[in-house]
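J.: Make a model of this:
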Amino acid sequence: MSTRMKVVFIAGPFRASTPWGVECNCRRAEEQALRVAKLGAMPLCPHTNTRFFNGLLTDEFWLRGTSELLLRCDAVVLVDGWGKSGGSLAEVDLARSRDIPVFPYTLEGFAEWIGPTARAVADHADARAAGTSFGGATMKTHADEIRELLIEVALLLDGNPMDLPREYRDGLAFRCRRYAEDLSRPADTAADAARKEI
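T.: Here you go, the predicted model:
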């Protein structure tokens, strides 16, 4: 049975005296959310849900709603400056009262908490995103794809592959079989197949 992906609440200042101040707070929260995602967890960044709703409903409504979202998360990660925000202070108190882990904005201890399998999947996504760009499309050689697959398999063998979603494991098995078939073809046929993929 696979383990579900961990969802992490991003807590940091939202309100400010100017619209630009709110936007800066949202951008800092988004940057932290991306760091969390790159480590293998799904960030829930309430700042991005409500950044343009300022004044449309009461602060009480938004604070209550974000508290409800927090209670459905596995952990909280703080944004720099969180201690100056009344809303963030209340969110941290709520999380701690429910034994939800809270991690500092430096993310100290977060990578260990998230575990090696989630990090391996995130590392693989980073590797795929780093392909050579040509006219907006990612172009890779067949050898590059095989190399990435082998790295991915090696990373997963360090963790517990059964922790991964079944769809992911099935996709990985399919790619392994496909490349094994390609390697068993005569050289000219494999080269032709590689050219067709590009």
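J.: residue ranges of the helices in this protein, please?
T.: Applying DSSP state H to the chain gives helices spanning 19-38, 46-50, 59-71, 86-97, 110-114, 116-129, 142-158, 166-184, 187-197.
J.: Ranking helices and strands of this structure by mean pLDDT, which lands last?
T.: strand 132-134 (a mean of 41; mean pLDDT, DSSP states H and E).
J.: Just the buried residues of stretch 40-48, please?
T.: Gly40, Ala41, Pro43, Leu44, Cys45, Pro46, His47 (16 or more other C-beta atoms under 10 Å). From N, CA and C alone the C-beta is placed, and that goes for glycine too.
J.: And the residues you listed, which is closest to Ala90?
T.: Pro46 (12.9 Å; C-beta to C-beta).
J.: burial count for Ser85?
T.: 20 (other C-beta atoms under 10 Å).
J.: the domain parsing of the protein - what is it?
T.: 7-112, 115-197 (automatic domain parsing).
J.: Which of these has the lowest mean pLDDT?
T.: Lowest mean pLDDT within those: domain 115-197, at a mean of 59.
J.: mind listing what Gly87 touches?
T.: Pro13, Phe14, Arg15, Leu63, Thr66 (C-beta atoms under 8 Å, 6 or more residues apart in numbering).
J.: Now the buried members of the residues you listed.
T.: By neighbour count, with 16+ other C-beta under 10 Å, the contacts of Gly87 hold Pro13, Phe14, Leu63, Thr66 as buried.
J.: Contact partners for the last one?
T.: Meaning Thr66. Contacts of Thr66 (C-beta under 8 Å, 6+ apart): Pro46, Gly87, Glu91.
J.: Excluding chain neighbours, what is closest to the last one?
T.: Ranked by C-beta to C-beta, 6 or more residues apart in numbering and with sequence neighbours excluded, the top spatial neighbour of Glu91 is Ala11, at 4.5 Å.
J.: Could you give the number of residues near that neighbour?
T.: 31.
J.: pretty sure it contacts Leu69?
T.: No: applying C-beta atoms under 8 Å, one finds Ala11 not in contact with Leu69, separated by 10.5 Å.
J.: Tell me the spacing between Leu94 and Met5.
T.: From Leu94 across to Met5, the span is 22 Å (C-beta to C-beta, to the nearest Å).
J.: Between these two, point out the one with more neighbours.
T.: Neighbours per residue (other C-beta under 10 Å) separate Leu94 from Met5, with Leu94 holding more: 18 against 15.
J.: Quick one: residues contacting the more buried one.
T.: Ser67, Leu70, Leu71.
J.: picking that back up, relative to Phe174, which of the buried residues of stretch 40-48 is nearest.
T.: Closest to Phe174 out of these is Gly40 (22.2 Å), distances taken as C-beta to C-beta.
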